[in-house]
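Novice: pasted the sequence and its predicted model underneath.
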Amino acid sequence: MKSVLDAIRTRRSHRSFVPDAELEDWQIENIVKAALWAPSAMHYEVCNIILVRDKETRKELSLATPYALMIENASLAVVLTAKPDESDWWMEDCSAAAENILIEVADMGLGACWVQVREISQELGPEDKVREILGIPEDYRVLCMIAVGLPKKEKKAHTEEEMNRSRVHMERF
């Protein structure tokens, strides 16, 4: 197990996975725990987690948006959804769960990639497609999908030298 900062440093977006590589049950359980232990505004716990292992369903999800193609060859798709009328902070809660998942996946030596699904406009698009594929009720929103799997290639960890410290401000902007 890595330190938290090492897991954060090694977390990279992987879009290429070894096809049909199976995740162990304990790995999926760790992903679930990471999501469920994420902070939640007012402790409302509105984020719902859908785990998709089925290859045909992952293929359908990979076509929901042009940015989701990697989901087909991933071992797992994690879909984060919430009912907005239960909390004004549903996006933040689902985002916190997503980040915990991404860090846990890196800690386990796996790869992952966040795929944006939530739409700003109300036009028919990826969110409706994902909702239809997974049978998500209309009153729920879909924030994102996360492709998880065994990466085809290793990526270098972030380094201190590449940090853009110009974005850090002390006391005032």
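Specialist: Alright, I've got the coordinates.

Novice: which residue packs closest to residue 13, ignoring adjacent ones?
Specialist: residue 113 (4.6 Å; CB to CB, 6 or more residues apart in numbering). The way it works is simple: take the backbone N, C-alpha and C, and place the C-beta from them, glycine included.

Novice: contacting residues for the one you found?
Specialist: Residues near residue 113 by CB atoms under 8 Å, 6 or more residues apart in numbering: 13, 14, 15, 70, 146, 147.

Novice: beta partners of it?
Specialist: Taking DSSP bridges, one obtains residue 147 as the residues bridged to residue 113.

Novice: who touches residue 126 in this structure?
Specialist: By CB under 8 Å, 6+ apart, the neighbours of residue 126 are 64, 65, 68, 117, 119, 142.

Novice: please, which helix or strand holds the closest residue to residue 64 other than its chain neighbours?
Specialist: Once flanking residues are discounted, residue 64 sits nearest to residue 129: 4.0 Å by CB to CB, 6+ apart. Using DSSP states H and E, residue 129 maps to helix 126-134.

Novice: in that helix, which residues are buried?
Specialist: 126, 127, 128, 129, 130, 131, 133, 134 (16 or more other CB atoms under 10 Å).

Novice: ok, how many other residues are close to residue 51?
Specialist: The tally of other residues near residue 51 (other CB atoms under 10 Å) stands at 15.

Novice: what's the answer for residue 2, then?
Specialist: Around residue 2 there are 14 residues (other CB under 10 Å).

Novice: again with the one 4 residues further on
Specialist: When neighbours are defined as other CB under 10 Å, residue 6 has 13 of them.

Novice: quick check: mean pLDDT across the helix or strand that contains it?
Specialist: Assigned by DSSP H and E, residue 6 belongs to helix 4-10. What helix 4-10 shows for mean pLDDT is 91.

Novice: for the protein, what spans make up the strands?
Specialist: Remark: strands assigned in the chain by DSSP state E are 48-52, 76-82, 111-116, 141-149.

Novice: list the buried residues for the second one?
Specialist: Of the residues in strand 76-82, 76, 77, 78, 79, 80, 81, 82 count as buried by neighbour count, 16+ other CB under 10 Å.
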